[in-house]
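Visitor: structure, please.
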Amino acid sequence: MQQSGIVCKSITRSVAMAAMAGVLLLAGCDLLPKKPQQQGPPPMGPPAVSVVTVQTEKITLTTQLPGRTAAFRVAEIRPQVSGLILERLFKEGSDVKAGQVLYRIDAAPFQAALNNAKAALRRAEASLPPLLSRANRYKELLADKAVSQQDYDDTDAAIKKTQAEIASWKSQLKIASINLGYTKITAPISGRIGRSNVTVGAIVTAYQPLALATIQQLDPIYVDVPQSTTDLLRLKGRLQKGLLNQQGKDQNKVKLILEDGTAYPQAGILQFSDITVDQTTGSVTLRVLFDNPDGMLLPGMFVQAEIKEGVNEQAILLPQQGVSRDPKGNPYALVLDAESKAGFRPLTLDRAIGDKWLVAAGVAPGDQVIVEGLTMLRPGTTVNATPFHPAQNEPGSATGPGAPPQKSSEGGE
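Guide: Next up, the predicted model:
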């Protein structure tokens, strides 16, 4: 019993000491200096944006259309008489001149025909003078009834027959002479001749389907460009509305881009637009004429022709980063109002020109369009606007030194 009392006293003493230590600890905490409470972030101001002021400018609208080159003239060489090819007088792939002899056909049969016609003509001409003398004598004797009328008529008929034979043999002589000339097959035009389809010793026939060779005149050369009727009607609509001016002195000048992307040094002239629509493609053909002094352009090459549509005197261009799309893909821009709030403005776009959009409707001169700071920006938000300054030498920017000239392309909304 005595030991139990001792244990109880020890436990009571320990509890009391622990309670006292806790009180001292709490008191010490109250005596420590208090740290200042952390404050929240300061309220944010209006979002900063960059804007451009809409202005009109004068631009030349062009369209790039694919096309193919075609020879200015094409002559398929065919024989005009039948015979044996004795000689080929040109080098395949060379330039030939008009009138140059290309092939020679065996002329012996045609020379013989010519000689025969000459002899027959001489024979007919030799028989005519005696007939004329006889007719004159019969005419005098007919008055005295010394010869019959029948004898005179027979002589007169013989004269007319001989005269007809003379005319016929003259024609035969001319034909024989022409055929003899056709034994020398000449070039009808100047140009570059291709490969020969026949060899020496081949038998050819007059006007045969297979051409002996083909000559193509390459300087100048045509470029045929198909244009869809949709684009043609849209262009006519712009002209009727007065949106385009086609009275420029260089309106018919056309630039050419080769297959490797390089520009052809010579400018072409738009010759005409076809009046018949191709039913399979729904397009009309534009024909452009280019000088080709060095023979760089060959028939059948694929090229891109840059054709001028006209001059837009009041064009509005917006940087492409200032145009956004709604969930349906419709273009719009955010425009500042008088209270520096962003307002929604739907746009109608015509086409892309370099790094800008040509705007047909939606904004007017003097409007301030937001082009930077559009992330998470909503219509009705008050903003802090500053003028937009495009980065120099930025890829795709036409403002840096040495920037390539901007070209317009079809792609309107």
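Visitor: can you list the weak-confidence ranges in the protein?
Guide: 1-44, 241-249, 391-413 (pLDDT under 70).
Visitor: quick one, domains of it?
Guide: Per automatic domain parsing, the structural domains of the chain span 49-58+313-387, 62-70+216-312, 79-106+183-210, 108-182.
Visitor: TSV for those domains, including mean neighbour count?
Guide: C-beta coordinates here come from the backbone N, C-alpha and C atoms, glycine included. Shown next, in TSV, are the domains of the chain (neighbours: other C-beta atoms under 10 Å):
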stretch	mean neighbour count
domain 49-58+313-387	16
domain 62-70+216-312	15
domain 79-106+183-210	15
domain 108-182	15
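Visitor: mind listing the helices for the stretch 201-350 of the chain?
Guide: For the stretch 201-350 of the chain, applying DSSP state H, counting those that start in this stretch gives helices covering 229-240.
Visitor: which parts of it are strands?
Guide: Remark: strands assigned in the stretch 201-350 of the chain by DSSP state E, counting those that start in this stretch are 203-204, 213-228, 253-257, 268-273, 283-290, 302-319, 324-325, 331-336, 342-346, 348-353.
Visitor: out of the ones you listed, which comes closest to G93?
Guide: strand 213-228 (10.4 Å; C-beta to C-beta).
Visitor: neighbouring strands - and their directions - for that closest one?
Guide: strand 56-77 (antiparallel), strand 191-193 (antiparallel), strand 283-290 (antiparallel) (DSSP bridges).
Visitor: and it, how far from the chain's centre?
Guide: Strand 213-228 has its C-alpha centroid displaced from the chain centroid by 13 Å (C-alpha atoms, centre = their mean, to the nearest Å).
Visitor: also stretch 70-80?
Guide: That offset, for stretch 70-80, works out to 25 Å (C-alpha atoms, centre = their mean).
Visitor: just stretch 55-65 next, same as before
Guide: On C-alpha atoms, centre = their mean, the centre of stretch 55-65 falls 17 Å from the chain's centre.
Visitor: who are the packing partners of the lengthiest helix in the chain?
Guide: Ranked by number of residues, the top helix in the chain under DSSP state H is helix 108-143. Counting contacts by 3 or more C-beta pairs under 8 Å, 6 or more residues apart in numbering; DSSP states H and E, helix 108-143 is packed against helix 149-182.
Visitor: now the angle between helix 108-143 and the helix it packs on, please.
Guide: Going by axes from the mean of the first three to the mean of the last three C-alpha atoms, to 10 degrees, helix 149-182 is angled at 160 degrees with respect to helix 108-143.
Visitor: find the nearest non-adjacent residue to S127, please.
Guide: Excluding its sequence neighbours, the residue lying closest to S127 (C-beta to C-beta, 6 or more residues apart in numbering) is T162, at 5.4 Å.
Visitor: the one you found against L131, yeah?
Guide: Yes. Assessed by C-beta atoms under 8 Å, T162 is found in contact with L131 at 5.9 Å.
Visitor: show the contacting residues for R88.
Guide: 102-103, 196, 199-200 (C-beta atoms under 8 Å, 6 or more residues apart in numbering).
Visitor: G83 too?
Guide: G83 neighbours (C-beta under 8 Å, 6+ apart): 105-107, 109-110, 183, 203-204.
Visitor: could you do E57 as well?
Guide: So E57 contacts 315-317 (C-beta under 8 Å, 6+ apart).
Visitor: looking at those, which one is closest to A48?
Guide: Using C-beta to C-beta, the contacts of E57 come closest to A48 at L317, 24.0 Å.
Visitor: pretty sure that closest one sits against K58.
Guide: No. Look at L317 against K58 with C-beta under 8 Å: they stay out of range, at 11.1 Å.
Visitor: let me have the strands paired with strand 213-228 in CSV, adding distance to D219 as columns.
Guide: Shown next, in CSV, are these (distance: least, C-beta to C-beta, whole Å):
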stretch, distance to D219
strand 56-77, 7
strand 191-193, 9
strand 283-290, 9
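Visitor: quick one, which of those gets closest to T382.
Guide: strand 56-77 (28.6 Å).
Visitor: compute the inter-axis angle for that closest one and strand 302-319.
Guide: Angle, strand 56-77 to strand 302-319, by the same axes, to 10 degrees: 170 degrees.
Visitor: so strand 56-77 versus strand 253-257, what angle?
Guide: Going by the same axes, to 10 degrees, strand 56-77 makes 70 degrees with strand 253-257.
Visitor: can you tell me the strand partners of the helix or strand following strand 56-77 and which way each runs?
Guide: Toward the C-terminus, strand 56-77 is succeeded by strand 83-88 as the next helix or strand (DSSP states H and E). The sheet places strand 83-88 alongside strand 101-105 (antiparallel), strand 203-204 (antiparallel), with pairing taken from DSSP bridges.
Visitor: ok so, going back, so which of the strands paired with strand 213-228 comes closest to A305?
Guide: Between the strands paired with strand 213-228, strand 56-77 lies closest to A305; by C-beta to C-beta that is 4.9 Å.
Visitor: what about dumping the CA coordinates of the closest one to PDB?
Guide: The C-alpha trace of strand 56-77 is given here as PDB (Å, rounded to 0.1, in the frame of the first residue of the first chain):
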ATOM      1  CA  THR A  56      -6.500  52.900 -98.400                       C
ATOM      2  CA  GLU A  57      -3.700  52.400-100.900                       C
ATOM      3  CA  LYS A  58      -3.200  51.800-104.600                       C
ATOM      4  CA  ILE A  59      -2.200  48.300-105.500                       C
ATOM      5  CA  THR A  60      -2.100  46.200-108.700                       C
ATOM      6  CA  LEU A  61      -4.000  43.000-108.500                       C
ATOM      7  CA  THR A  62      -2.500  40.000-110.200                       C
ATOM      8  CA  THR A  63      -3.400  36.300-110.600                       C
ATOM      9  CA  GLN A  64      -1.000  33.400-111.000                       C
ATOM     10  CA  LEU A  65      -2.400  30.800-113.400                       C
ATOM     11  CA  PRO A  66      -0.700  27.600-114.600                       C
ATOM     12  CA  GLY A  67       0.000  27.200-118.300                       C
ATOM     13  CA  ARG A  68       2.000  25.400-120.900                       C
ATOM     14  CA  THR A  69       4.200  26.700-123.700                       C
ATOM     15  CA  ALA A  70       3.300  26.100-127.400                       C
ATOM     16  CA  ALA A  71       5.200  26.700-130.500                       C
ATOM     17  CA  PHE A  72       4.500  29.900-132.400                       C
ATOM     18  CA  ARG A  73       4.200  27.900-135.700                       C
ATOM     19  CA  VAL A  74       4.300  24.200-136.400                       C
ATOM     20  CA  ALA A  75       4.800  22.700-139.800                       C
ATOM     21  CA  GLU A  76       4.600  19.000-140.400                       C
ATOM     22  CA  ILE A  77       6.700  18.000-143.500                       C
END
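Visitor: thank you, goodbye.
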